[in-house]
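K.L.:
sequence and computational prediction follow.
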Amino acid sequence: MVCEREKFVNLDDSVFAGKNLRSVYRENRAAVVNIVRRYGPISKPDIARMTGLTTVSATNIIRDLTRLGFIKERGTGKSASGRRATLYSLDGDGKYSICVDMSDREITVAAVDLAGRIVSSTSFLAKPGENTLVLDLIHSIDSFIKTKISAKDQVLGIGVALPGTIDLETGTVLVALPLGWHNVPLKLVLSQAFDYPVFVTVETEAAILGEYYFGEQADYRRLVYLNVGTGVGAGILIDNRIYRGAHGIAGEIGHTPLDPNGPECECGNRGCLERLASMRALIGYVEAMLDEGRESFLSSAERDEEGKIRVSAILQAARQGDEVAREAIQKVAGYLATGVMILARVLDPDVIFLGGNIVEKGQPLFEEVKKAVEDYRPLLGEKVIVKVSSLGESARLLGTSITVFKAAFERRLNQKPVAQR
């Protein structure tokens, strides 16, 4: 059973508002960390202004956080008032989150520092299947840490982002259809394999956290991130808070039936968005047209180990004007535009980001989605913005790091303050 949770989950305990009370000094420190993480390099006067703290309180907290190793001076620059001032940013040197982005075919492991820089990453091939995939995951993380991390104390935790529904209290993957998983106690398994804190996150939430903290999101307060890869799902953020719904499944738009006569989905329905507009769907459309005898560059394209056409080959063929590739992309784009319209009408966000393995800036798919979305513009209204993620496939890795670092910050912030005034 999914643990009952509040419908909204704050990204930050105190969001960005600090208070000048000694009893809430911990919350004030958290507020300063969050401001520096998101807006740094930033001056002390601007930190005080944005948190609502007095300059004296901000000064004491900055000194405290510097001694704890959270932030450091980063040269000088102009504050919002135009005066020269010392700038502060997160101290990202030497402390990492081991972040994992996984699908049924590939596991990407990366080391992300406190400043949101991916300092190293490696992709590993994976084999489908509940037990095999878990073993591949453990091997991939272990191999990465042994070859890329020089000291054990550099790692603050391990975060895994995957498609599916997760009990966030226990870290159990309740169901992940693209991975073939049901009731997999992933956090428990990884905690037994590694001596680090472990966090398991839904990939769409990871993606929207990455976009929120590290992307070009222009201070929008109501965001949706439509992730398109092996599956299709949405992360939802409203007023700086992740929205999960009453039962933890908000954003599972991939299993919304659009065509009752469409292909059967793993969830038991037919014609779900995920079966019509994912990587698998794109490949399926191309292969069906080739089976019909359509001429295409893709007839002689390199195949993967299962004999399927690679998505990269389809996108390249579309750029070269291949009609089969373009037609398949247009079909996927049409269904994705329908998904965008549904999200816009139900949630009315400021912006909807498109991201995932097959959506990148300038790629043929995104351009076709933009065209298809315009057909719905009378229903969407002029104010809903549809953009491609500025982070590409990195969004999920960066967002996963936020979960790890936030927990590490909370552990350290529970320590007795170094100085209070």
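P.N.:
That came through, no problem.
K.L.:
buried residues in stretch 156-171, which are they?
P.N.:
156-168, 171 (16 or more other Cβ atoms under 10 Å). C-beta here means a position set from N, CA and C on the backbone, and glycine is covered the same way.
K.L.:
any stretches of this protein with poor pLDDT?
P.N.:
1-23, 128-130, 217-218, 360-362, 379-381, 413-421 (pLDDT under 70).
K.L.:
determine the longest helix present in the protein.
P.N.:
helix 323-347 (DSSP state H).
K.L.:
partners of the helix or strand following that helix in the sheet?
P.N.:
Next along the chain after helix 323-347, taking DSSP states H and E as the criterion, comes strand 351-355. Using DSSP bridges, strand 351-355 pairs in its sheet with strand 222-228 (parallel), strand 385-388 (parallel).
K.L.:
got the ones you listed as CSV, with distance to residue 40 columns?
P.N.:
Output for the strands paired with strand 351-355, formatted as CSV (distance: least, Cβ to Cβ, whole Å):
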stretch, distance to residue 40
strand 222-228, 21
strand 385-388, 24
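K.L.:
now render those strands as CSV, adding distance to residue 26 and mean neighbour count.
P.N.:
Shown next, in CSV, are the strands paired with strand 351-355 (distance: least, Cβ to Cβ, whole Å; neighbours: other Cβ atoms under 10 Å):
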stretch, distance to residue 26, mean neighbour count
strand 222-228, 28, 27
strand 385-388, 36, 19
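K.L.:
show me where the stretch 1-150 of the chain has its helices.
P.N.:
Taking DSSP state H, counting those that start in this stretch as the criterion, the stretch 1-150 of the chain carries its helices at 25-39, 44-51, 55-68, 130-148.
K.L.:
other SSEs contacting the shortest one?
P.N.:
The one in question is helix 44-51. Packing partners of helix 44-51 (3 or more Cβ pairs under 8 Å, 6 or more residues apart in numbering; DSSP states H and E): helix 25-39, helix 55-68, strand 84-90.
K.L.:
looking at the buried residues of stretch 156-171, point me to the pair that's furthest apart.
P.N.:
156 and 165 (26.4 Å; Cβ to Cβ).
K.L.:
just to revisit the earlier point, nearest to residue 245 among the helices of the stretch 1-150 of the chain would be which one?
P.N.:
Proximity to residue 245 (Cβ to Cβ) singles out helix 25-39 among the helices of the stretch 1-150 of the chain, at 24.5 Å.
K.L.:
what's that closest one packed up against?
P.N.:
With contacts taken as 3+ Cβ pairs under 8 Å, 6+ apart, helix 25-39 sits against helix 44-51, helix 55-68, strand 71-78, strand 84-90, helix 394-413.
K.L.:
who does the fourth one pair up with?
P.N.:
To tie it back to what came earlier, the one meant is strand 84-90. Looking at strand 84-90 with DSSP bridges, what it pairs with is strand 42-43 (antiparallel), strand 71-78 (antiparallel).
K.L.:
out of those strands, which one sits most buried?
P.N.:
Among those, strand 42-43 has the highest mean neighbour count (mean count of other Cβ atoms under 10 Å), at a mean of 22.
K.L.:
now that one, how far from the chain's geometric center?
P.N.:
27 Å (Cα atoms, centre = their mean, to the nearest Å).
K.L.:
so which bits of the longest helix of the chain are buried?
P.N.:
Buried, per 16+ other Cβ under 10 Å, within helix 323-347: 324-326, 328-344, 347.
K.L.:
what's residue 106 in contact with, if anything?
P.N.:
123, 124, 125, 126 (Cβ atoms under 8 Å, 6 or more residues apart in numbering).
K.L.:
give the PyMOL command for selecting the buried subset of these.
P.N.:
The PyMOL command for the buried members of the contacts of residue 106 (criterion: 16+ other Cβ under 10 Å) is given here:
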select buried, resi 124+126
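K.L.:
farthest-apart pair in the contacts of residue 106, please.
P.N.:
Top of the distance list for those (Cβ to Cβ): 123 and 126, 9.6 Å.
K.L.:
what do the two both touch?
P.N.:
Common neighbours of residue 123 and residue 126 (Cβ under 8 Å, 6+ apart) are 106, 107.
K.L.:
contacting residues for the nearest residue to residue 238 once chain neighbours are set aside?
P.N.:
Once flanking residues are discounted, residue 238 sits nearest to residue 222: 5.2 Å by Cβ to Cβ, 6 or more residues apart in numbering. Residue 222 makes contact with 237, 238, 239, 347, 348, 349, 350, 351 under the criterion Cβ under 8 Å, 6+ apart.
K.L.:
right, I'll leave it there.
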